[in-house]
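Asks: Based on what follows, work out the 3D shape:
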Amino acid sequence: MLVLLFILFGGLAIGCAVNVVAQRNPLYCAISLIGVFVSLASLYLMLAAPFIAAVQIIVYAGAIMVLVVFVIMLLNVEQDERRQIRVGFLVPAAVVLAGLLIGEVAFFLWSVSPNPTLPPSDIGLTSSIGTNLFTTYLLPFEITSILLLMAIVGAMTLAHRTGVLTPNARVIPGAQVLAASEIDPSSSHEFPTTLATGSTTEAARILEISSPRTPDRE
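Replies: A predicted model of the protein is given here:
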């Protein structure tokens with residue numbers, strides 16, 4: 001029974017991982033990645049590691065994937081456009097590396113045999129992880145928390161930076177309802193015009209006005 005469950009969850013993890021790479025829609029990729037995390041948590045649970053399985057669900061399939069989906073929806077990324085591969089050796093290199101990885105996994109499955117005579121271990125249990133985390137690995141744990149705090153402060157500092165754009169810059173992100181006079185004071189358009197543009201040049205072309213001039217560099 002355990003072998004069948006292991007094959008089921010292992011195959012589900014591999015299938016979801018392949019779907020992450022094969023999907024063109026980023027939201028579907030994120031959902032498939034959640035399937036990978038849930039399958040790995042099930043495998044951890046079968047290996048008598050309930051704490052690691054719970055962390056896999058709470059941290060990765062919960063908090064991190066919520067953040068990823070939030071960023072995808074915030075950027076309004078619908079579907080990635082197919083682009084021509086500029087470096088021709090990427091596909092053969094990927095095939096070779098995938099073959100090496102599959103061969104390595106097959107070698108381990110063929111050479112390593114389970115030993116049922118080993119005594120039971122407490123590795124992966126909540127008590128053993130908590131004891132080691134706050135005794136042996138206390139210093140790395142505190143350093144990690146300090147690094148996360150520094151990352152948060154740095155992100156807030158970058159988000160509040162001002163003066164990045166020049167006074168003559170015009171940025172129109174996404175769909176905006178703007179008057180032509182806001183972009184070009186000399187324009188004859190008086191009524192707001194709905195724009196669905198991704199750059200200032202495209203907005204200027206739709207409004208039939210001259211592109212904003214960029215200041216001369218010294």
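Asks: contacts for the strand or helix carrying residue 6?
Replies: If you go by DSSP states H and E, residue 6 is part of helix 2-22. Under the criterion CB atoms under 8 Å, 6 or more residues apart in numbering, residues 28-29, 32-33, 35-36, 39-40, 42-43, 46 lie in contact with helix 2-22. Backbone N, C-alpha and C define where each C-beta goes, glycine included.
Asks: and which of these is nearest to residue 90?
Replies: residue 29 (19.1 Å; CB to CB).
Asks: Please determine how far that closest one is located from residue 19.
Replies: In this view, residue 29 and residue 19 are 8 Å apart by CB to CB, to the nearest Å.
Asks: can you redo the contacts of helix 2-22 as TSV with distance to residue 14 and neighbour count?
Replies: Below are the contacts of helix 2-22 laid out as TSV (distance: CB to CB, whole Å; neighbours: other CB atoms under 10 Å):
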residue	distance to residue 14	neighbour count
28	17	14
29	15	18
32	11	18
33	13	21
35	11	17
36	9	20
39	9	21
40	11	22
42	13	20
43	11	18
46	16	13
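Asks: farthest-separated two in those?
Replies: So, the contacts of helix 2-22 by CB to CB: farthest apart are 28 and 46, at 27.4 Å.
Asks: Surely residue 27 touches residue 72?
Replies: Yes - the criterion here is CB atoms under 8 Å, and residue 27 meets it with residue 72 at 5.7 Å.
Asks: on that earlier part again, among the contacts of helix 2-22, which lie within helices?
Replies: Under the assignment DSSP state H, the contacts of helix 2-22 contribute 28-29, 32-33, 35-36, 39-40, 42-43, 46 to helices.
Asks: Tell me the one of these nearest residue 56?
Replies: residue 40 (5.7 Å).
Asks: Enumerate every residue touching that closest one.
Replies: Residue 40 neighbours (CB under 8 Å, 6+ apart): 13, 56.
Asks: So for it, what's the pLDDT?
Replies: pLDDT, residue 40: 92.
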